[in-house]
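J.: Sequence isn't available, so here's the structure alone:
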Ligand code: NAI
């Protein structure tokens, strides 16, 4: 068992044996920013996953209380809280998955881009720690602005020699969850049965729900389609305004992130009969933008297959062309910031 555990970390065993190893020992999942508005409900949802054997919590302070509270829930995961300067590396040590809802959220009137100065340094700390103590982990960043944060982290990991583009994700699953919900509300159908890809990035016009590929089909007028697309694009601001100074989406984000992490876990376990597909913002060659969200098939090594651009109608094609310069500017900014942090 010990040998199997050691070898699964260095990826020396054939995939099937690796998967057996994961199933036996369970997975270590670390939540960085676990005391925050997203971090607490996300940690709760991950505590419910029977494949998680260690739920490691990190925040700059007050992690112990959240940890003790969660530890009384009678599910498999052992809860290990860490805080303070030395805590980050201990919390992330040999993690299989690290999910990061750490950093400042928006207040009314703020754009996601306004968060970059503060949140870039949080992402940078996590990238350095990942390189040092869990270079093979899947990293799922929730911290905004996603469009800039992911290129920053990729640049740092590359410089450290620990970058695997199949294991670094910007979590955009809330955009998909919202699109599913809003479409289902209009069609009066079950949101869990709505399938709709959301591509691009995670701010304003870079969020592009592909209504032409919606299943069940969405056949609204042009105005109805535009209104729905704009609602998905502005849904984060809808929550920020409704919370009136008390932060941004936390509960829906925790749900969406838990769904994403649970999908990463299914992928790691490599279930043959289940095709795990999620949209996320990753390094990509499907458009001119170096990072781009599309549907991804997940497997034992992270991204198994980038499913690429869905078929687009003329309007969606135009929206894609409009968003690319915006996205590429954010990516360039992220790469420069990342280089400046080395
Ligand atoms: P919050 O302020 O409630 O919680 C953030 C937590 O991060 C706090 O507990 C804080 O102590 C911790 N933190 C700050 N610096 C840290 C560091 N260096 N290391 C570890 N922990 C640190 O904020 P909330 O609402 O939970 O949002 C967190 C982030 O998620 C924000 O950047 C927000 O914009 C983003 N977000 C992303 C979404 C997405 O779709 N990707 C949707 C909603 C929010």
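T.: Structure's in. What do you need? Computed from a prediction, not measured in an experiment: that's the story for all the values here.
J.: and stretch 71-85, which residues are buried?
T.: Within stretch 71-85, the residues that qualify as buried are 77, 79, 80, 81, 82, 83, counting by 16 or more other CB atoms under 10 Å. Any C-beta I mention is one placed from the backbone N, CA and C, and that applies to glycine too.
J.: got the residues of the stretch 201-342 of the chain near the ligand?
T.: 202, 247, 248, 249, 250, 253 (CB under 6 Å from any ligand atom).
J.: Most widely separated two among those?
T.: 202 and 247 (16.9 Å; CB to CB).
J.: quick one: low-confidence ranges for the stretch 201-342 of the chain?
T.: Within the stretch 201-342 of the chain, the segments meeting pLDDT under 70 span 273.
J.: that older thread, dump the buried residues of stretch 71-85 into JSON lines; add distance to residue 98 as well.
T.: Output for the buried residues of stretch 71-85, formatted as JSON lines (distance: CB to CB, whole Å):
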{"residue": "77", "distance to residue 98": "15"}
{"residue": "79", "distance to residue 98": "16"}
{"residue": "80", "distance to residue 98": "13"}
{"residue": "81", "distance to residue 98": "15"}
{"residue": "82", "distance to residue 98": "13"}
{"residue": "83", "distance to residue 98": "16"}
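J.: which among those residues gets closest to the ligand?
T.: residue 83 (8.7 Å; CB to the nearest ligand atom).
J.: Can you name the residues that contact the closest one?
T.: 58, 59, 60, 61, 62, 63, 64 (CB atoms under 8 Å, 6 or more residues apart in numbering).
J.: helices and strands around the host helix or strand of the first one, which ones?
T.: Put plainly, it is residue 58. Using DSSP states H and E, residue 58 maps to strand 52-59. Counting contacts by 3 or more CB pairs under 8 Å, 6 or more residues apart in numbering; DSSP states H and E, strand 52-59 is packed against strand 27-32, helix 39-47, helix 63-71, strand 78-83, helix 87-92.
J.: Quickly compare these and say which is most buried.
T.: Ranked by mean neighbour count, those are led by strand 27-32 with a mean of 29 (mean count of other CB atoms under 10 Å).
J.: ok, residue 245 touching residue 108?
T.: Yes - counting by CB atoms under 8 Å, residue 108 is a contact partner of residue 245 at 6.2 Å.
J.: what's around residue 163, how many residues?
T.: Applying other CB atoms under 10 Å, we find 18 other residues in the vicinity of residue 163.
J.: tell me the contacts of it?
T.: Residue 163 touches 154, 157, counting by CB under 8 Å, 6+ apart.
J.: mind running it again at 10 Å?
T.: Neighbouring residues of residue 163 by CB atoms under 10 Å, 6 or more residues apart in numbering: 127, 131, 135, 153, 154, 155, 156, 157, 283.
J.: Check whether it sits in a helix, strand or coil.
T.: Following DSSP: H, G, I helix; E, B strand; the rest coil, we place residue 163 in the coil state.
J.: This structure: helices as residue ranges?
T.: Assigned by DSSP state H, the helices in the chain fall at 2-10, 15-25, 39-47, 63-71, 87-92, 116-133, 146-160, 173-187, 222-243, 251-269, 314-340.
J.: Where does pLDDT dip in the stretch 51-200 of the chain?
T.: Filtered on pLDDT under 70, the stretch 51-200 of the chain yields no residues whatsoever.
J.: The ligand contacts on that one?
T.: So the stretch 51-200 of the chain meets the ligand at 58-60, 101-106, 115, 119, 122, 125, 142-144, 146, 171, 174 (CB under 6 Å from any ligand atom).
J.: Can you flag the buried ones in the residues you listed?
T.: Buried members of those, scored by 16+ other CB under 10 Å, are 58-59, 101-106, 115, 119, 122, 125, 142-144, 146, 171, 174.
J.: Alright, I will stop here.
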